[in-house]
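Q: Structure of the sequence below:
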Amino acid sequence: MKKSILSVILVLAFIAAPSTSPARECKAVYGNEAHQLRLATGSPGELGLLEKLAEAFLANHQASMCWKKAGSGASLKLLKGKEVDLVMVHAPAAEKKAVEDGWAVKRTLIGSNEFYIVGPKDDPAGIAEAKSAAEAYAKIASAQAKFLSRGDNSGTHKKEMTLWKKSGVIPSGDWYITTKAFMMATLEKANEINGYFMTDSSTWVAGKKGLTNLRVLFRGDPVLINTYHGLCQPKGATLEWELSFEFIDFLGSEKGQSIIRNYGRDLYGEPMYSDAAYAEKYDK
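A: Modelled structure (predicted):
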């Protein structure tokens, strides 16, 4: 009887225990101070831009920064749940809704990159001849050529689904492969199986030397410009709301913008992001 009661208590304790899902853990911590700012983002963290920005910002603040690796959809969910103080994301419609609903403020344009549709060098779907991104997607579906989707509600996935809708296609079948993985991992999978994928230009610049089976087949449609914004919780909503306000201001400052517009030049010979001044004409 005692053992049965103990078993029930242990089960209840397990159910009541808080979640420790990987999305809520720090992927990296910049700085050594106990005073910690929590930020969620995807590719800017994965590609090292966030670390450079954090180093410059923290040099003048007695604080550290916890980077939580998450796509734009998951990042906004973390912000809404007050599990982070701010986000750097590229999901304009969802961002605007967050501001309208009152749980996000200080939405600030910080820069952009663009999406490329990459694929096998022989381009079996013939998308290099397409006149628009939507037409390129329609060609891939018509040929039933392998296409990889992140399928994770990230900014990239949201943009992909917008383009499928514009193309008049509901993607399904063996040719449409969902990875539930981040940008670089999905890009590497596309290279492995000779599939098409829509990657951001920053990740392509960082990884292209190892992606020997792929090439950029379509780019240049204005709809593929990918604008990034910073958002944070309202005043007083999280412990580090003041610091998050300051970091967003830093992102928009000349020092922050200089880091963004030049990041990648020394590593790859070309910048990986454009600044807010360039991105502004595409910001809708």
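Q: only C-alpha atoms for contact and neighbour calcs from this point on.
A: Noted.
Q: what's the burial count for V169?
A: For V169, the neighbour count with other CA atoms under 10 Å is 15.
Q: residues touching the nearest residue to it once chain neighbours are set aside, list them.
A: Nearest non-adjacent residue to V169, counting by CA to CA, 6 or more residues apart in numbering: A138, 6.7 Å away. By CA atoms under 8 Å, 6 or more residues apart in numbering, the contact set of A138 is 164, 167-169.
Q: just the strands in the chain please.
A: 28-30, 36-41, 64-69, 86-89, 105-120, 147-149, 176-178, 197-200, 214-218, 225-232 (DSSP state E).
Q: Return the list of strands paired to the last one, each annotated with direction.
A: If I follow you right, that is strand 225-232. strand 86-89 (antiparallel), strand 105-120 (antiparallel) (DSSP bridges).
Q: Contacts made by the first one with the rest, please.
A: Residues lying outside strand 86-89 but in contact with it, judged by CA under 8 Å, 6+ apart, are 38-42, 71-72, 75-76, 79, 155, 228-233, 244.
Q: can you pull the contacts of V29?
A: 64-67.
Q: what about it, distance to Q36?
A: Distance from V29 to Q36, counting by CA to CA, to the nearest Å: 9 Å.
Q: which among the contacts of A138 end up buried?
A: The neighbour-count test (16 or more other CA atoms under 10 Å) marks 164, 167 as buried among the contacts of A138.
Q: Find the pair from the contacts of A138 with maximum spatial separation.
A: Pairwise distances across these peak at 6.3 Å for W164 and G168 (criterion: CA to CA).
Q: The residue nearest to the spatial centre of the chain and S154, how far apart?
A: Nearest residue to the geometric centre of the chain (CA atoms, centre = their mean): G42, 3.7 Å. Applying CA to CA, the value for G42 to S154 is 9 Å.
Q: what's the overlap in contacts for those two?
A: Common neighbours of G42 and S154 (CA under 8 Å, 6+ apart) are 71-72.
Q: sorry, back to before: same list (the contacts of A138) but as CSV, adding distance to R261 and pLDDT.
A: Shown next, in CSV, are the contacts of A138 (distance: CA to CA, whole Å; pLDDT from 0 to 100):
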residue, distance to R261, pLDDT
W164, 31, 98
S167, 33, 98
G168, 36, 97
V169, 36, 98
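Q: Tell me the one of the contacts of A138 nearest I259?
A: Out of these, the member with the shortest distance to I259 (by CA to CA) is W164, at 34.3 Å.
Q: just checking, the closest one touches Y176?
A: No: in this structure, W164 is not within contact of Y176 by CA atoms under 8 Å, at 11.9 Å.
Q: and stretch 268-284, which residues are buried?
A: Neighbour-count burial for stretch 268-284 flags 271-276, 278-279, 283 (criterion: 16+ other CA under 10 Å).
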